[in-house]
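Take this sequence and fold it.
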Amino acid sequence: KYIIHHLRDFERGFLRNHKTVVLSHFFCYTKVYGKSQYIPGEKEVTVMISLYKTDNGIIRELENYEADMWIKMVSPSNEESCYISEKYGIDLDHIKAALDNDESARIEIEEDYTLILVDIPVSEKRGDYNEYTTIPLGIILCEDVIITICARDTAILKAFVQKRIKEFSTKKRIRFLYQI
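All right, here's what the predicted structure looks like:
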């Protein structure tokens with residue numbers, strides 16, 4: 001369960017016993033552990049940014065940004081997209097491209113990062129049968145992180161989190177790219 005707060009509450013120390021993810025200059029999300037007293041005006045939200053890192057072949061979820069990690073963005077909000085854009089110097093349009101079903105697959109090499117946009121298969125329930133279609137998956141290779149952006153939490157990326165991919169390492173970004 002996550003709650004959105006004004007960043008000043010975090011800076012003033014009002015948010016104790018919370019896992020905090022700062023999203024922008026104004027807002028932060030916190031993960032609630034156990035009982036907590038909510039400040040009036042809080043809004044419950046779903047955080048769509050997950051941070052992962054592998055150590056000795058074991059994947060673990062992170063609470064803070066580190067080098068050699070995987071940032072998994074699933075249908076990110078505008079604030080989340082802006083935060084990642086600012087933090088890593090990525091053009092906001094490149095982040096949003098992965099959320100647009102009309103975008104075509106391509107590779108764009110920028111000064112500080114590379115955007116790879118591919119179409120991945122997804123299954124949709126249509127009445128009594130499954131229909132397959134494709135949606136864009138954005139992969140951004142930065143100097144010390146890899147970022148994936150998709151409109152849905154797909155089986156392709158879940159396989160990495162569920163430890164079903166052999167020799168997966170967030171430090172080996174090019175291998176990770178090939179495995180996707």
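
in this structure, which residue is closest to the centre?
residue 73 (2.1 Å; CA atoms, centre = their mean).

Now the phi/psi pair for that residue, please.
phi -110, psi 120 (degrees, to the nearest 10).

Likewise for residue 88?
phi -110, psi 10.

Model confidence score at it, please.
pLDDT, residue 88: 94.

what's the nearest residue to it if we skip its chain neighbours?
Leaving aside its chain neighbours, residue 88 sits nearest to residue 142 (5.2 Å; criterion: CB to CB, 6 or more residues apart in numbering). Where C-beta positions appear, they are placed from N, C-alpha and C, glycine not excepted.

Identify the residues contacting that neighbour.
88, 90, 112, 113 (CB atoms under 8 Å, 6 or more residues apart in numbering).

Now, of those residues, which are buried?
Buried members of the contacts of residue 142, scored by 16 or more other CB atoms under 10 Å, are 88, 90, 113.

Leaving out sequence neighbours, find the closest residue to the last one.
So the one you mean is residue 113. residue 142 (4.7 Å).

Most remote residue from the middle of the protein, which is it?
Residue of the chain lying farthest from the centroid, by CA atoms, centre = their mean: residue 128 (32.1 Å).
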